[in-house]
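[1] Provide a 3D model corresponding to the input given below.
(one chain, ligands or ions: 1)
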Amino acid sequence: MKKYLVIGNPLEHSLSPKIHNFWFKQNKINAIYNKETLEDADLENFIKMIRNKKIEGANITVPFKEKIIKFIDILSDEAKDANSVNTVYMSGNNIMGHNTDIAGFYLSLKPETINLKDKNILILGAGGVTPSIILGLRMIGVKKIIVSNRTKDKVLKLKERFSFIEVLNWGETVKANAIINTTSVGLKKTDKIQLNSSLFTPDTFFYDVIYNPKETNFLKKAKNEGCMVQNGLMMFINQAAASFKTWHNIMPNVDKNLIKFLQND
Ligand code: ATR
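    Have a look, this model is predicted:
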């Protein structure tokens with residue numbers, strides 16, 4: 001039986017095993033998908049297991065999406081652009097690193113529901129997933145991308161790679177059509193992101209990359225202010241589907257039943 005994994009730390013929130021095992025069953029694939037919490041020092045050995053075919057493929061999540069890169073032989077264009085890998089597998093004798101977060105984010109925003117083309121976007125955070133969000137927003141054709149991060153150095157580093165972004169000091173406000181949380185604040189139910197309350201205007205769209213819990217305090221506050229909100233579930237589903245397609249060459253089914261199944265967690 002083929003083995004797949006998601007690696008990260010922490011991992012309690014991950015629904016990757018649930019969705020991939022569901023699709024294995026649906027597509028009659030003889031495989032199992034587990035999760036494993038690792039430390040930085042385990043990464044090299046983990047890649048060896050893929051090279052030795054003990055593991056067929058893996059998803060990489062926080063905080064390893066960038067750290068894994070030095071162990072990869074060939075990066076896809078998307079992984080190179082984002083400097084972030086969330087999908088790993090062997091092709092011939094090479095360890096391949098791919099990024100399906102960009103596509104996952106892009107596909108999660110249906111233009112008929114929320115059209116961000118020519119809009120001004122504020123991104124909170126400058127961690128592992130942020131470059132994928134920036135690249136997804138560029139594909140949509142947004143007007144302006146402003147990034148604010150608690151540690152300013154990190155956002156300045158990001159600006160070296162994406163010179164078109166604007167930098168906003170943490171805690172300062174700006175008028176934006178959409179605010180996207182890419183920080184890890186909210187993964188724990190009690191987490192509260194400290195934000196200036198003037199950001200919460202009713203005509204602003206709020207998006208949180210976090211999908212578990214379903215409603216972070218960030219989204220709760222926005223909803224209470226009458227704002228339109230979206231969590232990271234559709235991004236998660238779409239990136240998982242793209243990883244599945246990469247590994248098995250089958251585009252898995254994404255429908256209401258799947259969404260319901262994932263939400264009942
Ligand atoms: P990494 O920082 O190793 O890339 P990550 O989980 O991908 O890890 O990113 C975490 C993001 O959440 C970062 O933007 C981080 O901000 P810092 O760069 O200042 O650490 C942000 N973050 C985590 N805890 C936070 C908090 N309590 N308040 C604000 N931002 C926070």
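[2] Any figure for the gap between the residue of the chain found nearest the ligand and Trp170?
    Residue of the chain nearest the ligand, by CB to the nearest ligand atom: Gly127 (2.0 Å). Every residue, glycine included, has its C-beta placed from N, CA and C. With the distance defined as CB to CB, to the nearest Å, Gly127 ends up 13 Å from Trp170.
[3] list residues touching both of those two?
    When contacts are counted by CB atoms under 8 Å, 6 or more residues apart in numbering, the set common to Gly127 and Trp170 consists of Asn149.
[4] Stretch 79-89 near the ligand at all?
    No: contact of stretch 79-89 with the ligand (CB under 6 Å from any ligand atom) is absent, the minimum separation being 9.1 Å.
[5] who in this structure is up against the ligand?
    So far as CB under 6 Å from any ligand atom goes, the chain lies against the ligand at 62-63, 125-128, 149-151, 154, 183-185.
[6] now for the helix or strand encompassing Ala103, which elements pack on it?
    Element membership of Ala103 [criterion: DSSP states H and E] is helix 101-108. Secondary-structure packing of helix 101-108 (3 or more CB pairs under 8 Å, 6 or more residues apart in numbering; DSSP states H and E): helix 77-82, helix 130-140, helix 233-248.
[7] starting at the chain centroid, how far to stretch 125-137?
    8 Å (CA atoms, centre = their mean, to the nearest Å).
[8] same check, this time on stretch 250-259
    Distance of stretch 250-259 from the chain centroid (CA atoms, centre = their mean) equals 18 Å.
[9] what about that stretch, start to end distance?
    Using CA to CA, to the nearest Å, one end of stretch 250-259 lies 19 Å from the other.
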